[in-house]
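J.: Dropping a prediction and its sequence here:
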Amino acid sequence: MRLERVSFRYHRRGPWVLRDVTLSLPRGRVIEVTGRNGAGKSTFLRLVAGLRTPRGGAITGRPGTVGYAPERFPADQPFTVRAYLTHMAAMRKAPRSSITTWARRLAFEPLLDTRLPDLSKGSAQKVGLAQALLAAPDLLILDEPFAGLDAATRDSLPSLMADLAAEGTTVVVSDHQRCLAALPDLVRVHIAGTTAHLVPAPTSDAAADPAGAPLVRADPPGREGGTDPAGQADGGGRAGTAADPDDEASLGSEGGEGAWRVVEVVVPAGQAEQVISKLRADGFEVREPRR
Ligand SMILES: Nc1ncnc2c1ncn2[C@@H]1O[C@H](COP(=O)(O)OP(=O)(O)OP(=O)(O)O)[C@@H](O)[C@H]1O
């Protein structure tokens, strides 16, 4: 997959989050995305996942099957874990057996008949991970997957990712805690000041420079708009829940592949919250019309 001069901001006149980012994400590797709070890690992941479209530049070579787990799993949905994953498996044409496979592997099988809102944060994270894994994605994108996990699951996750990468999946992971640092062959993308560098992992031979000499470097003109709106994030990870309803350009139809379309969905009032939760869980942007 390649990002070619990719630029993105959430609002037409807002500050750039990423500017002219050019880099390639190698297939079949685990790619760790690092950067300070508000640097743009989640934004980068949403762009890579195709949940947001670049304002400028293009992303090419995205594999066909993409799994995405947001930073916070939207657990406010009135389903049991089993019903939710069954729905997700059907949507992604994944075999139902994949539900048990991942429930066992991520150690939440006893919770399959628990309602999503009743899950602990860590268990909800596991369900979020499982839904991303159901369809055996070629591109797996995980936003801070280690947060809230118990030690056993946290420890097993890096090797799970390495196994998937060995089978050809490109695994892109944002990780504050550097839980992946010990993985051999780790590729690292560091985001700072509207740019993203592809850097050698500290364990790699090429990493003689501890700061990580950039292999490819974007050319950042600096964040426009002056202020860094850190803290205005949409609550973490749900694609596009905080877009400005006036900002049609936030649909990102210009530049990049896979333009978005706006469709209106009319549902019985009593089911609206349920449908909204479902759509958001599936990674779609939901905007409610102004009253
Ligand atoms: N939906 C949104 N609408 C407007 N601005 C947003 C939105 N989501 C994120 N931002 C802004 O984009 C910038 C990058 O945010 P992002 O969430 O990508 O950073 P991050 O590196 O993932 O942060 P953290 O480490 O805190 O999770 C921040 O300035 C943030 O306020």
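T.: In hand now; what should we look at?
J.: Where does the residue nearest to Thr169 when sequence neighbours are not counted sit: helix, strand or coil?
T.: Leaving aside its chain neighbours, Thr169 sits nearest to Leu140 (5.4 Å; criterion: CB to CB, 6 or more residues apart in numbering). Just so you know, the C-beta spots here come from the backbone N, C-alpha and C atoms, and that holds for glycine as well. Under DSSP: H, G, I helix; E, B strand; the rest coil, Leu140 falls in the strand class.
J.: Leu140 against Val172, yeah?
T.: Yes. If you go by CB atoms under 8 Å, Leu140 and Val172 touch, sitting 7.2 Å apart.
J.: residues touching Val17, list them.
T.: 8-10, 40, 43, 194, 223 (CB atoms under 8 Å, 6 or more residues apart in numbering).
J.: what residues does the stretch 1-150 of the chain put near the ligand?
T.: Residues of the stretch 1-150 of the chain lying close to the ligand (CB under 6 Å from any ligand atom) are 10, 17, 35, 37-43.
J.: Who wins on neighbours among those?
T.: Gly40 (26 neighbours; other CB atoms under 10 Å).
J.: Val189 versus the residue nearest to that residue when sequence neighbours are not counted, what's the distance?
T.: Among residues not flanking Gly40 along the chain, Val17 sits closest, at 4.5 Å (CB to CB, 6+ apart). Applying CB to CB, to the nearest Å, the value for Val17 to Val189 is 14 Å.
J.: and what of Thr169?
T.: For Thr169, the distance to Val189 - CB to CB - is 17 Å.
J.: do Arg92 as well
T.: With CB to CB as the criterion, Arg92 and Val189 are 26 Å apart.
J.: wait, isn't Thr65 in contact with Leu140?
T.: No. Look at Thr65 against Leu140 with CB under 8 Å: they stay out of range, at 9.3 Å.
J.: mind listing what Ala107 touches?
T.: Ala107 neighbours (CB under 8 Å, 6+ apart): 126, 152-153.
J.: and the closest residue to Glu144 other than its chain neighbours, how many neighbours?
T.: The shortest distance from Glu144 to any non-neighbouring residue, by CB to CB, 6+ apart, is to Glu71 (4.7 Å). Using other CB under 10 Å, the number of residues around Glu71 comes to 21.
J.: where does the chain have low pLDDT?
T.: 200-261, 278, 280-284, 288-291 (pLDDT under 70).
J.: Looking at it, which helix is longest?
T.: helix 151-166 (DSSP state H).
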